[in-house]
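**Student:** Quick one: sequence and predicted model below, then my questions.
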Amino acid sequence: MIAILVATVLLALLWPPRRLPRPPKAPPIKAKPIDEAMIIDLATALVSAGAAIPTVLQALGTCLPPGDEAEDAMRASRSLLMGASWEEAWQTSSGRLSRLSAALEPAWVDGAPPVVMLRRAAASVRARRLKDAQEAAARLGVRLVLPLGLCFLPAFFLIGVAPVIISMGMMVFGGR
(Lines give C-alpha, C1' and ligand atoms only; values in the text may rest on other atoms or scores of the structure.)
Protein backbone atom coordinates (compact mmCIF):
# COMPACT_ATOMS: atom_id res chain seq x y z
CA MET A 1 0.00 0.00 0.00
CA ILE A 2 2.79 2.41 0.90
CA ALA A 3 4.64 1.40 -2.26
CA ILE A 4 1.65 2.36 -4.38
CA LEU A 5 1.37 5.70 -2.58
CA VAL A 6 5.09 6.43 -3.06
CA ALA A 7 4.90 5.39 -6.72
CA THR A 8 1.92 7.68 -7.26
CA VAL A 9 3.68 10.65 -5.65
CA LEU A 10 6.87 10.03 -7.67
CA LEU A 11 4.87 9.63 -10.84
CA ALA A 12 3.01 12.88 -10.14
CA LEU A 13 6.28 14.73 -9.50
CA LEU A 14 8.06 13.38 -12.55
CA TRP A 15 5.16 13.60 -15.00
CA PRO A 16 5.45 16.69 -17.24
CA PRO A 17 2.89 19.29 -16.24
CA ARG A 18 0.01 20.03 -18.56
CA ARG A 19 -0.32 23.56 -19.66
CA LEU A 20 -3.59 25.12 -20.51
CA PRO A 21 -3.77 26.50 -24.02
CA ARG A 22 -3.36 30.23 -24.18
CA PRO A 23 -6.15 32.18 -25.75
CA PRO A 24 -5.21 33.66 -29.11
CA LYS A 25 -4.07 37.24 -29.02
CA ALA A 26 -6.71 39.64 -30.17
CA PRO A 27 -5.70 41.82 -33.09
CA PRO A 28 -4.93 45.38 -32.10
CA ILE A 29 -7.99 47.58 -32.17
CA LYS A 30 -7.72 50.20 -34.85
CA ALA A 31 -9.25 53.41 -33.60
CA LYS A 32 -11.83 54.93 -35.87
CA PRO A 33 -11.31 58.59 -36.61
CA ILE A 34 -13.59 60.86 -34.65
CA ASP A 35 -16.10 62.90 -36.58
CA GLU A 36 -14.68 66.26 -37.62
CA ALA A 37 -17.81 68.12 -36.52
CA MET A 38 -17.56 66.47 -33.10
CA ILE A 39 -13.96 67.64 -32.73
CA ILE A 40 -15.01 71.18 -33.61
CA ASP A 41 -17.90 70.96 -31.13
CA LEU A 42 -15.48 69.85 -28.41
CA ALA A 43 -13.25 72.82 -29.21
CA THR A 44 -16.29 75.09 -29.07
CA ALA A 45 -17.20 73.79 -25.63
CA LEU A 46 -13.66 74.28 -24.37
CA VAL A 47 -13.43 77.82 -25.74
CA SER A 48 -16.88 78.65 -24.33
CA ALA A 49 -15.66 77.45 -20.94
CA GLY A 50 -12.84 79.98 -21.11
CA ALA A 51 -9.88 77.86 -22.21
CA ALA A 52 -7.13 79.47 -24.26
CA ILE A 53 -6.50 78.20 -27.78
CA PRO A 54 -3.25 76.32 -26.95
CA THR A 55 -5.03 74.71 -24.00
CA VAL A 56 -7.91 73.72 -26.26
CA LEU A 57 -5.53 72.11 -28.73
CA GLN A 58 -3.66 70.31 -25.96
CA ALA A 59 -6.90 68.98 -24.48
CA LEU A 60 -8.05 67.81 -27.91
CA GLY A 61 -4.72 66.11 -28.51
CA THR A 62 -5.03 64.33 -25.20
CA CYS A 63 -8.63 63.23 -25.76
CA LEU A 64 -8.38 62.13 -29.39
CA PRO A 65 -7.38 58.55 -30.14
CA PRO A 66 -3.70 58.10 -30.97
CA GLY A 67 -3.09 59.12 -34.55
CA ASP A 68 -2.46 62.03 -36.86
CA GLU A 69 -5.18 64.27 -35.43
CA ALA A 70 -3.93 63.95 -31.85
CA GLU A 71 -0.32 64.52 -32.87
CA ASP A 72 -1.25 67.55 -34.99
CA ALA A 73 -3.22 69.14 -32.15
CA MET A 74 -0.46 68.52 -29.59
CA ARG A 75 2.24 69.77 -31.96
CA ALA A 76 0.28 72.94 -32.76
CA SER A 77 -0.37 73.55 -29.05
CA ARG A 78 3.31 73.22 -28.17
CA SER A 79 4.35 75.41 -31.09
CA LEU A 80 1.91 78.16 -30.16
CA LEU A 81 3.05 78.07 -26.54
CA MET A 82 6.67 78.38 -27.72
CA GLY A 83 5.81 81.52 -29.70
CA ALA A 84 5.46 80.19 -33.25
CA SER A 85 3.13 81.87 -35.69
CA TRP A 86 -0.14 80.22 -36.64
CA GLU A 87 1.20 79.04 -40.01
CA GLU A 88 4.34 77.60 -38.42
CA ALA A 89 2.31 75.77 -35.79
CA TRP A 90 0.15 74.02 -38.40
CA GLN A 91 2.86 73.62 -41.04
CA THR A 92 3.42 69.87 -40.58
CA SER A 93 -0.20 68.89 -39.94
CA SER A 94 -1.86 66.08 -41.87
CA GLY A 95 -4.81 68.26 -42.88
CA ARG A 96 -7.47 66.36 -40.95
CA LEU A 97 -7.96 69.31 -38.59
CA SER A 98 -7.84 71.94 -41.33
CA ARG A 99 -11.36 73.25 -40.63
CA LEU A 100 -10.58 73.55 -36.91
CA SER A 101 -7.37 75.38 -37.75
CA ALA A 102 -9.16 77.71 -40.15
CA ALA A 103 -11.88 78.44 -37.58
CA LEU A 104 -9.40 79.21 -34.78
CA GLU A 105 -6.97 81.26 -36.88
CA PRO A 106 -8.88 84.59 -36.75
CA ALA A 107 -9.13 84.24 -32.98
CA TRP A 108 -5.39 83.67 -32.61
CA VAL A 109 -4.22 86.20 -35.20
CA ASP A 110 -6.80 88.99 -34.88
CA GLY A 111 -8.42 88.34 -31.51
CA ALA A 112 -11.85 87.63 -33.01
CA PRO A 113 -14.31 85.61 -30.92
CA PRO A 114 -13.72 81.96 -31.89
CA VAL A 115 -17.09 80.48 -30.87
CA VAL A 116 -18.96 81.92 -33.86
CA MET A 117 -16.36 80.65 -36.33
CA LEU A 118 -16.25 77.23 -34.69
CA ARG A 119 -20.03 76.87 -34.84
CA ARG A 120 -20.02 77.89 -38.50
CA ALA A 121 -17.28 75.34 -39.25
CA ALA A 122 -19.23 72.53 -37.53
CA ALA A 123 -22.41 73.53 -39.37
CA SER A 124 -20.45 73.56 -42.64
CA VAL A 125 -19.16 70.04 -42.02
CA ARG A 126 -22.64 68.77 -41.25
CA ALA A 127 -24.17 70.54 -44.27
CA ARG A 128 -21.52 69.05 -46.55
CA ARG A 129 -22.18 65.59 -45.13
CA LEU A 130 -25.93 66.01 -45.67
CA LYS A 131 -25.38 67.16 -49.26
CA ASP A 132 -23.06 64.20 -49.93
CA ALA A 133 -25.64 61.79 -48.49
CA GLN A 134 -28.41 63.26 -50.65
CA GLU A 135 -26.25 63.01 -53.77
CA ALA A 136 -25.37 59.40 -52.94
CA ALA A 137 -29.08 58.59 -52.49
CA ALA A 138 -29.86 60.16 -55.86
CA ARG A 139 -27.08 58.16 -57.54
CA LEU A 140 -28.40 55.00 -55.90
CA GLY A 141 -31.86 55.60 -57.35
CA VAL A 142 -30.42 55.90 -60.84
CA ARG A 143 -28.27 52.78 -60.39
CA LEU A 144 -31.22 50.71 -59.20
CA VAL A 145 -33.44 51.39 -62.22
CA LEU A 146 -31.93 48.70 -64.46
CA PRO A 147 -31.77 45.85 -61.89
CA LEU A 148 -35.29 46.57 -60.63
CA GLY A 149 -36.58 46.79 -64.19
CA LEU A 150 -35.00 43.47 -65.11
CA CYS A 151 -36.47 41.79 -62.03
CA PHE A 152 -39.93 43.33 -61.73
CA LEU A 153 -41.01 43.70 -65.34
CA PRO A 154 -40.91 39.95 -66.14
CA ALA A 155 -42.71 39.18 -62.89
CA PHE A 156 -45.35 41.84 -63.59
CA PHE A 157 -45.84 40.45 -67.08
CA LEU A 158 -46.13 36.82 -65.92
CA ILE A 159 -48.43 37.55 -62.99
CA GLY A 160 -50.49 40.48 -64.25
CA VAL A 161 -50.53 40.65 -68.03
CA ALA A 162 -50.12 37.04 -69.19
CA PRO A 163 -53.24 35.67 -67.42
CA VAL A 164 -55.38 38.44 -68.93
CA ILE A 165 -54.04 37.76 -72.44
CA ILE A 166 -54.50 34.02 -72.03
CA SER A 167 -58.09 34.37 -70.80
CA MET A 168 -58.93 36.80 -73.62
CA GLY A 169 -57.33 34.47 -76.17
CA MET A 170 -59.35 31.54 -74.87
CA MET A 171 -62.53 33.58 -75.15
CA VAL A 172 -61.74 34.73 -78.69
CA PHE A 173 -60.61 31.35 -80.03
CA GLY A 174 -63.48 29.38 -78.58
CA GLY A 175 -62.20 28.28 -75.25
CA ARG A 176 -64.30 28.35 -72.16
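**Tutor:** Now that the structure is in, tell me what you want to look at.
**Student:** Helix or strand: which one has the closest residue in space to Arg119 that isn't next to it in sequence?
**Tutor:** Computed as CB to CB, 6 or more residues apart in numbering, the closest residue to Arg119 that is not its neighbour in sequence is Thr44, at 6.1 Å. Heads up, the C-betas are built off the backbone N, CA and C, glycines and all. Per DSSP states H and E, Thr44 falls inside helix 36-48.
**Student:** List the buried residues of that helix.
**Tutor:** Residues of helix 36-48 classed as buried by neighbour count (16 or more other CB atoms under 10 Å): 36-37, 39-44, 46-47.
**Student:** what's the answer for stretch 99-117, then?
**Tutor:** Neighbour-count burial for stretch 99-117 flags 99-101, 103-105, 107-108, 114, 117 (criterion: 16+ other CB under 10 Å).
**Student:** Next step: these restricted to helices.
**Tutor:** 99-101, 103-105, 107-108, 114, 117 (DSSP state H).
**Student:** Tell me the one of these nearest Met1?
**Tutor:** Nearest to Met1, judged by CB to CB, of these is Leu100 at 81.9 Å.
**Student:** pretty sure the closest one contacts Ile39?
**Tutor:** Yes - here Leu100 reaches Ile39: they are 6.2 Å apart, a contact under CB atoms under 8 Å.
**Student:** Spit out the residues that contact the two alike.
**Tutor:** Shared contacts of Leu100 and Ile39, defined by CB atoms under 8 Å, 6 or more residues apart in numbering, comprise Leu60.
**Student:** picking up where we left off before, what angle do the helix holding Thr44 and helix 98-109 make?
**Tutor:** If you take axes from the mean of the first three to the mean of the last three CA atoms, to 10 degrees, helix 36-48 sits at 20 degrees to helix 98-109.
**Student:** And the next helix or strand after helix 36-48, what's buried?
**Tutor:** Once the chain leaves helix 36-48, the next helix or strand it forms, by DSSP H and E, is helix 53-63. By neighbour count with 16+ other CB under 10 Å, helix 53-63 contains the buried residues 53-61.
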